[in-house]
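K.L.:
turn this into a model:
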Amino acid sequence: MKKSAHEMLASSEFRKLVSKRWTISIVLTIVLFLTYYGYILLIAYDKSYMAERIGEVTTRGIPFGVGVIVVSWILTAVYVIWANSVYDAEVSRLKDNIKH
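P.N.:
Numbers count the residues shown, from 1 in each chain. Modelled structure (predicted):
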């Protein structure tokens with residue numbers, strides 16, 4: 001049975017979808033913050049460790065910094081894959097249940 005837009009916005013299906021999107025977003029944001037601020041805190045509290053050379057000119061801080069960037073790309077990819085495969089399909093299904 002098709003619902004009006006108002007009924008759909010008030011439905012438990014829509015609320016679950018919104019809750020799921022927020023949960024995914026918050027978890028990924030927390031992981032990103034922990035990664036970034038962990039890197040910053042490591043620089044602040046253990047400079048000697050981060051300044052150790054691992055090559056002729058490269059210090060340990062460089063690969064850690066690159067790692068932070070790579071983690072942010074991975075988290076973005078995780079969100080995009082989830083949104084394209086789960087979220088968008090669910091939004092389309094809900095939109096199909098709205099009467100015009």
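
K.L.:
does anything pack onto the helix or strand containing Ile26? Which helices or strands?
P.N.:
Counting by DSSP states H and E, the element that carries Ile26 is helix 12-45. When contacts are defined as 3 or more Cβ pairs under 8 Å, 6 or more residues apart in numbering; DSSP states H and E, helix 12-45 packs onto helix 47-51, helix 61-82, helix 88-96. Bear in mind the C-beta positions are built from the backbone N, C-alpha and C, glycine included.

K.L.:
tilt between the longest one and helix 88-96?
P.N.:
I take that to be helix 61-82. Taking axes from the mean of the first three to the mean of the last three Cα atoms, to 10 degrees, one finds that helix 61-82 is oriented at 30 degrees with respect to helix 88-96.

K.L.:
give me the buried positions along helix 61-82.
P.N.:
For helix 61-82, burial by neighbour count (16 or more other Cβ atoms under 10 Å) applies to 61, 64, 68, 71, 75, 79, 82.

K.L.:
nearest residue to the residue minimising distance to the centre of the chain other than its sequence neighbours?
P.N.:
The centroid of the chain falls nearest to Leu28 when counting by Cα atoms, centre = their mean (3.2 Å). In space, and not counting its chain neighbours, Leu28 is closest to Leu75: 4.9 Å by Cβ to Cβ, 6 or more residues apart in numbering.
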